[in-house]
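[1] sequence and predicted model, in that order:
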Amino acid sequence: MKRISLTQHLIEQQRLHNSIPSELRLLIEVVGRACKTISHAVGKGALGEVLGSAESENVQGEVQKKLDIISNEILLEANEWGGHLAAMASEEMESIHPIPNRYPQGEYLLLFDPLDGSSNIDVNVSIGTIFSVLKAPEGMAAPTEQDFMQAGRRQVAAGYAVYGPQTMLVLTTGNGVHCFTLDREMGAWVLTQADMQIPAETKEFSINASNMRHWFPPVTRYVDEMLEGCTGPLKKDFNMRWVASMVADVHRILSRGGIFMYPADSRDLSMPGKLRLMYEANPMAMIVEQAGGAATDGKQSILDITPHKLHQRVPVFLGSKSEVERITRYHTE
Ligand code: AHG
Ligand code: MN
Ligand code: MN
């Protein structure tokens, strides 16, 4: 097998599509390097004393795990000094993190969910890192939260690393979705799947069914129909999978199709869904659309939502096109 490294892939993409200027390439390589460091920490588990809770809460009122904080620090430190960024924002930090004055300022904004799937850390189930890259607005002086309030459609890159039996990096810069596997001995990202495509049809769905009694009618109707199987209106039997790590569920859907749902529900109307627009929904939506799938909030493409705050939450329906279109249609019927 001819091995294509992440760097070689990025340079070739730049030659083909002129879509990855060298500063963006540096950014992606630095994020990739940080993900290797996180992967290493994750792999140590109890031996690295990285398991368990940190006895603190993040801005969303969620108890932070040690690895949430470690991963956040790794990403901040790796990305601070390279000169490619103007500011960062993280699920684990209340406000944005402008690049300190002692370093040169670049023209990109980086957003991340440093450790996705926290509830799986201590039970040795796949977890990941999700990231999104925006261009800083033209003429921006000192970055503010407002500079991050750009629709997902304006992302110039998005990706995730999944720390599973294999560590993988899945990346898009707007010309398809490409998957790299970490060669642990060499410490290198090697291209293992170019142009990932999500099958349009599927018989697999992903939802946390313990919230069923709180769902709104379109979701209840759709899940009921799937559960009716081949004798119901959808005329096929469905299988169900829920990892509770969005990265792992999305990675499975990218690999073999499926629909992932984290809907809004009636518990707290001020909190539309659980997942965060800027760190989870937007990057995953860009990846899924680039792979031929669809991603909506039940009404519109996630990528068309204009954000109004950094930690905004949003309902998410993503994956195989035909099924995402169906649940989106049910929201209007
Ligand atoms: P995080 O660990 O970054 O807070 O994200 C967890 C998210 C997502 O990865 C997953 O799909 C979902 O929360 C699981 O939620 P439930 O525990 O409600 O199933
Ligand atoms: Mn997450
Ligand atoms: Mn997280």
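    Yes, it's here. Ligands and ions are numbered 1, 2, ... in the order given.

[2] whichever residue of the stretch 51-200 of the chain sits closest to ligand 3: how many residues sit nearby?
    Closest approach between the stretch 51-200 of the chain and ligand 3, counting by C-beta to the ion: residue 113, at 4.4 Å. Glycine gets a C-beta too; all of them are placed from N, C-alpha and C. Other residues lying near residue 113 total 29 when counted by other C-beta atoms under 10 Å.

[3] quick one: it and residue 275 touch, right?
    No. Assessed by C-beta atoms under 8 Å, residue 113 is found out of contact with residue 275, at 9.3 Å.

[4] what's the closest non-adjacent residue to residue 312?
    residue 277 (4.6 Å; C-beta to C-beta, 6 or more residues apart in numbering).

[5] ignore what I typed, I meant residue 298.
    Nearest to residue 298 is residue 331, by C-beta to C-beta, 6+ apart, at 4.2 Å.

[6] settle this for me: that neighbour is touching residue 300, isn't it.
    No. In this structure, residue 331 is not within contact of residue 300 by C-beta under 8 Å, at 10.1 Å.

[7] and the next element down the chain from the worst-scoring helix or strand of the chain on mean pLDDT?
    Lowest by mean pLDDT, DSSP states H and E among the helices and strands of the chain is strand 53-57, with a mean of 86. Going down the chain from strand 53-57, the next helix or strand is strand 63-65, by DSSP states H and E.

[8] show me what residue of this structure gets nearest to ligand 2.
    Closest point on the chain to ligand 2, by C-beta to the ion, is residue 116, at 3.5 Å.

[9] that residue bridge partners, please.
    residue 128 (DSSP bridges).

[10] that one contacts residue 247, correct?
    Yes. Between residue 116 and residue 247 there is a contact at 5.0 Å, judged by C-beta under 8 Å.

[11] what pLDDT does residue 229 get?
    pLDDT recorded at residue 229 is 98.

[12] actually residue 333, not the one I typed
    89.

[13] run a quick neighbour tally on the residue in the stretch 151-300 of the chain positioned nearest to ligand 3.
    Nearest residue of the stretch 151-300 of the chain to ligand 3 (C-beta to the ion) works out as residue 279 at 7.5 Å. Using other C-beta under 10 Å, residue 279 has 24 other residues around it.

[14] likewise residue 230?
    10.

[15] now the most far-flung residue of the chain relative to its centre: how far from residue 82?
    The outermost residue of the chain relative to its centre, with distances by C-alpha atoms, centre = their mean, is residue 231 at 35.4 Å. Using C-beta to C-beta, to the nearest Å, residue 231 is found at 58 Å from residue 82.

[16] with residue 232 instead?
    According to C-beta to C-beta, residue 232 stands 54 Å off from residue 82.

[17] could you do residue 20 as well?
    15 Å.

[18] who has more neighbours out of these two?
    Taking other C-beta under 10 Å, residue 20 and residue 82 do not tie; residue 20 has more neighbours (24 against 16).

[19] test my guess that the more buried one contacts residue 7.
    No. With contact taken as C-beta under 8 Å, residue 20 and residue 7 are classed as non-touching, separated by 10.8 Å.

[20] show me this protein divided up by domain.
    Domain assignment for the chain by automatic domain parsing gives 6-193, 204-332.

[21] for the stretch 101-250 of the chain, what lies in contact range of ligand 1?
    Neighbours of ligand 1 within the stretch 101-250 of the chain, by C-beta under 6 Å from any ligand atom: 113, 116, 117, 118, 119, 208, 244, 245, 246.

[22] filter those residues to the buried ones?
    113, 116, 117, 118, 244, 245, 246 (16 or more other C-beta atoms under 10 Å).

[23] name the nearest residue to the first one, sequence neighbours excluded.
    By that I understand residue 113. Distance criterion C-beta to C-beta, 6+ apart; nearest residue to residue 113, sequence neighbours excluded, is residue 279 at 3.9 Å.

[24] state the distance from the one you found to residue 296.
    18 Å.

[25] also residue 118?
    Residue 118 is 26 Å from residue 296, by C-beta to C-beta.

[26] ranges for the helices of the stretch 201-333 of the chain?
    Per DSSP state H, counting those that start in this stretch, the stretch 201-333 of the chain carries helices over the ranges 217-228, 246-256, 282-290, 321-330.

[27] what lies in contact with the shortest one?
    Residues from elsewhere that reach helix 282-290 (C-beta atoms under 8 Å, 6 or more residues apart in numbering): 111, 130-132, 152, 155, 158-160, 170, 172, 174-177, 198, 246, 250, 253-254, 294-295, 301-303, 316, 318-319.

[28] kindly give a single PyMOL line that selects the buried subset of those residues.
    Of the contacts of helix 282-290, the buried ones go into a single PyMOL selection, burial set by 16+ other C-beta under 10 Å:
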select buried, resi 111+130+131+132+152+155+158+159+160+170+172+176+177+198+246+250+253+254+294+295+301+302+303+316+318+319
